[in-house]
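Visitor: What shape does this take:
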Amino acid sequence: MTPRDPIPPSPGTDATPDPVSASAGSPPSGPDSPPTTAEHDVMYAAQLERYAAEFGTLYLKYRQQTAELETATRAVVHAFVVALGAHDPYTRHHTQRVQASALTLARALGWDSSQLEDVRLGALLHDIGKTSVSDTILRKPGRLTDAEFQAIAQHPVIGAHMIAGFPALIIARPFVLHHHERWDGRGYPDRLAGTDIPVQGRLLAVVDAVDAMLTDRPYRQALSVTQVTQELLRSRGHQFDPDMITAFLDCGALDLYLPDAAGDSAPAPEAD
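Guide: Numbering: from 1, shown residues only. Below is the predicted model:
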């Protein structure tokens, strides 16, 4: 007989277990006995409390880190915008006007509050790549050479690279990279066409071009609102998304450029 073999009952004893000790209502006692239901509930509740406390600590740390990241991101955006404004005063004011006009168009399209925040940031940063372009080129009163145009045409790519290292700014990328694409595929930098152009780029392409046409530039005088309207209708389906043009003309964004009682013609920037 090995140590693992059961010990047979002694002669004359009944091998049937004691019905009292084997009953379900009387669990065995001793140091290795499982906890009772009441003890188990207490242990479970204590474990939940520990989990809740740990989760609360982690959540507070996450909130603190998120707040710090948002603060840092706002500082980066502000630095970008200040740098751009110092580099080219026209672009600073252009950015403010484009932001107001883009938000008006996006609301008319039914974009939700989250999408509107994307528009706000994307419009603010769309020309940030121009900080890499020479002042001489940006302010040149005459026609650009091919080399100068190529330098200008790189600003969407450069801008997209500038914000790529900031996760909170990635939502602005389609606005920054694609606002000079054309519906007919003749734009830049990727020569996308039609609905292959992200909708953010198609929206910003319209308001960006409108503001440029309605503003005095070193190489030409501003067009009138009537002239701009005619140009938009002529370019619908060629340079611009036709549905976007229809929405723009219907949403009243052009009214932002009509002279008010004070004689101003630029829309006021929206608060960040």
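Visitor: Could you pull out the buried residues of stretch 127-147?
Guide: Within stretch 127-147, the residues that count as buried by 16 or more other Cβ atoms under 10 Å are 127-131, 133, 138. Just so you know, the C-beta spots here come from the backbone N, C-alpha and C atoms, and that holds for glycine as well.
Visitor: Now find how far off-centre it is within its chain.
Guide: 28 Å (Cα atoms, centre = their mean, to the nearest Å).
Visitor: show me what contacts the residue nearest the centre of the chain?
Guide: Nearest residue to the geometric centre of the chain (Cα atoms, centre = their mean): residue 171, 2.8 Å. Contacts here follow Cβ atoms under 8 Å, 6 or more residues apart in numbering; on that basis residue 171 touches 118, 121-122.
Visitor: Kindly state the pLDDT recorded for it?
Guide: Per-residue pLDDT puts residue 171 at 94.
Visitor: Now the terminal residues of stretch 219-239, how far apart.
Guide: 21 Å (Cα to Cα, to the nearest Å).
Visitor: cool, stretch 145-159 as well?
Guide: 22 Å.
Visitor: Residue 91 contacts residue 81, doesn't it?
Guide: No - at 9.7 Å, residue 91 does not count as touching residue 81 under the criterion of Cβ atoms under 8 Å.
Visitor: By mean pLDDT, flag the weakest helix or strand of the chain.
Guide: In the chain, the helix or strand scored least confidently by mean pLDDT, DSSP states H and E is helix 37-87, which has a mean of 71.
Visitor: Tell me the helix or strand right after that helix.
Guide: Counting by DSSP states H and E, the element after helix 37-87 in chain order, helix or strand, is helix 89-108.
Visitor: gap between that next one and the chain center?
Guide: The answer for helix 89-108 is 17 Å, by Cα atoms, centre = their mean.
Visitor: what does that helix contact?
Guide: 81, 84-85, 115-116, 119-120, 122-124, 126-127, 130, 138-139, 203-204, 206-208, 210-212, 215, 217, 244, 247-248, 250-253, 256, 266-270.
Visitor: Weed out the non-buried ones from those.
Guide: 81, 84-85, 115, 119-120, 122-124, 126-127, 130, 138, 203-204, 206-208, 210-212, 215, 244, 247-248, 251, 253, 256, 266-267, 269-270.
Visitor: Mind checking which of those land in helices?
Guide: 81, 84-85, 115, 119-120, 122-124, 138, 203-204, 206-208, 210-212, 244, 247-248, 251 (DSSP state H).
Visitor: For residue 73, list the residues it contacts.
Guide: Contacts of residue 73 (Cβ under 8 Å, 6+ apart): 166, 168-169.
Visitor: can you pick the most crowded of these?
Guide: residue 169 (21 neighbours; other Cβ atoms under 10 Å).
Visitor: list the contacts for the spatially closest residue to that residue that is not a sequence neighbour?
Guide: Leaving aside its chain neighbours, residue 169 sits nearest to residue 163 (4.1 Å; criterion: Cβ to Cβ, 6 or more residues apart in numbering). By Cβ under 8 Å, 6+ apart, the contact set of residue 163 is 125, 128, 169-170, 172-173, 176.
Visitor: Most neighbours among these, which one is it?
Guide: Going by other Cβ under 10 Å, residue 176 tops the contacts of residue 163 with 30 neighbours.
Visitor: what helix or strand does that one sit in?
Guide: helix 173-178.
Visitor: From the chain's centroid, how far away is that helix?
Guide: 11 Å.
Visitor: Quick check: which helices or strands does that helix pack against?
Guide: helix 113-125, helix 155-163, helix 199-213 (3 or more Cβ pairs under 8 Å, 6 or more residues apart in numbering; DSSP states H and E).
Visitor: got those helices as CSV, with mean pLDDT and distance to residue 75 columns?
Guide: Below are these laid out as CSV (pLDDT from 0 to 100; distance: least, Cβ to Cβ, whole Å):
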stretch, mean pLDDT, distance to residue 75
helix 113-125, 95, 14
helix 155-163, 94, 14
helix 199-213, 97, 24
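Visitor: Which of those sits closest to residue 228?
Guide: Of all the helices and strands packed on helix 173-178, helix 199-213 sits nearest to residue 228, with 4.9 Å by Cβ to Cβ.
Visitor: what's the angle from the closest one to helix 89-108?
Guide: Angle between the axes of helix 199-213 and helix 89-108 is 130 degrees (criterion: axes from the mean of the first three to the mean of the last three Cα atoms, to 10 degrees).
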